[in-house]
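In: quick one, fold the following:
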Amino acid sequence: MSKSQLFDVEGKVAVVTGGSRGIGFMIAEAYARNGVRTIICARKASACDAAAEQLSAMGAQCTSIPADLSSEDGIAEFARAVREREGSVDVLVNNSGAAWGAPLSKFPGKAFDKVLNLNVKTPFMLTQALLPQLKAAASADDPARVIMVGSIDGIRVPEGSLDQNYSYSASKAGVHMLARHMAHHLVDERITVNTIAPGPFVSEMTKAALGHQEGMDKWASETPLGRIGTPEDMAGAVLFLSSRASAWLSGVVLPVDGGHSTRAA
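Out: Reported below is the predicted structural model:
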């Protein structure tokens, strides 16, 4: 099999939550540029619509379905809207997430409620809601894919300005285990579940640390490979996990982090 066949994703259908910006947009862009018909969601309708228009101009059609995935009703409504548009879904990327930073002595209980709800509960329930569409796309040679977006903060203790994100790091460790647990049960349905654990990428969530040159330089100097992650780095990981090349992988956590996780605390 040629490398073009191994990594070809053209004609597939993907759903990317939190796809209007940051890592979600990088993932949706990788799909759009490689022939994947993509549905993105975000809370803000204007941002979601604008991103979908921008992505559609890059290649394959991208559809905006604004949604608030922090509630069960919002998850159900989004899943219903996806089902109305697509009878099958080849790839579900659970990327939506939230963070909260505060000193340990002042860290509020509501921070755990918000962050664990969106980062852990929502991916589980959305996967559950779209199981019929994933099953419809699945085959033995090319399974349907669920890709969870975890974090290296779920592998090692966060550093610098991110070291007070207690609920975030706990939630991302939970995402990694949740993916393995779902992978165990969905493998018989020809659905794989794998996790990307990003390191430092520029996004809304990391703007406090990376939203200025000083922060960029600091994180680049502390990254073993000497730089911040780029859209191409994320594209390579997600295209691999969405293509025939990864068809025999499930339950894997793939650090996309420039080597940070090799120095886990």
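In: now for the nearest residue to I147 once chain neighbours are set aside: which residues touch it?
Out: In space, and not counting its chain neighbours, I147 is closest to V93: 4.7 Å by C-beta to C-beta, 6 or more residues apart in numbering. C-beta: built from backbone N, CA, C; applies to glycine. Listed by C-beta atoms under 8 Å, 6 or more residues apart in numbering, the contact set of V93 reads A14, V15, V16, T17, G19, G24, I27, I147, V149, V238.
In: 7 Å instead?
Out: A14, V15, V16, T17, I27, I147, V149 (C-beta atoms under 7 Å, 6 or more residues apart in numbering).
In: start and end of stretch 129-149, how far apart?
Out: End-to-end span of stretch 129-149 (C-alpha to C-alpha, to the nearest Å): 18 Å.
In: ok now that stretch, how far from the chain's centre?
Out: Stretch 129-149 has its C-alpha centroid displaced from the chain centroid by 15 Å (C-alpha atoms, centre = their mean, to the nearest Å).
In: quick one: contacts of that stretch?
Out: By C-beta under 7 Å, 6+ apart, stretch 129-149 touches 15, 23, 75-76, 79, 82-83, 86-95, 97, 123, 127, 175, 179, 182, 189-196, 198, 238, 241-242, 244, 247.
In: that older thread, okay, the residue nearest to I147: pLDDT?
Out: We have a pLDDT of 98 for V93.
In: next, it: secondary structure please.
Out: strand (DSSP: H, G, I helix; E, B strand; the rest coil).
In: how near is it to V15?
Out: 7 Å (C-beta to C-beta, to the nearest Å).
In: follow-up on the earlier one: of the contacts of stretch 129-149, which belong to strands?
Out: Counted as lying in strands by DSSP state E, out of the contacts of stretch 129-149, are V15, V91, L92, V93, N94, I191, T192, V193, N194, T195, I196, P198.
In: the nearest residue to A111 once chain neighbours are set aside in helix, strand or coil?
Out: Residue nearest to A111 in three dimensions, not counting chain neighbours: W100, with 3.9 Å by C-beta to C-beta, 6+ apart. Put simply, W100 is coil when judged by three-state DSSP.
In: ranges for the helices of the stretch 51-200 of the chain?
Out: Secondary structure of the stretch 51-200 of the chain (DSSP state H, counting those that start in this stretch): helices at 72-85, 109-116, 122-129, 131-137, 166-186.
In: now the first one against helix 122-129, angle please.
Out: Between the direction of helix 72-85 and that of helix 122-129, the angle (axes from the mean of the first three to the mean of the last three C-alpha atoms, to 10 degrees) works out to 40 degrees.
In: likewise for the longest one?
Out: Between helix 166-186 and helix 122-129, the angle comes out at 20 degrees (the same axes, to 10 degrees).
In: which strands and helices sit next to helix 166-186?
Out: helix 109-116, helix 122-129, strand 144-149, strand 191-198 (3 or more C-beta pairs under 7 Å, 6 or more residues apart in numbering; DSSP states H and E).
In: what's the angle from the first one to helix 122-129?
Out: Same thing as helix 109-116. Angle of helix 109-116 versus helix 122-129, following the same axes, to 10 degrees, is 40 degrees.
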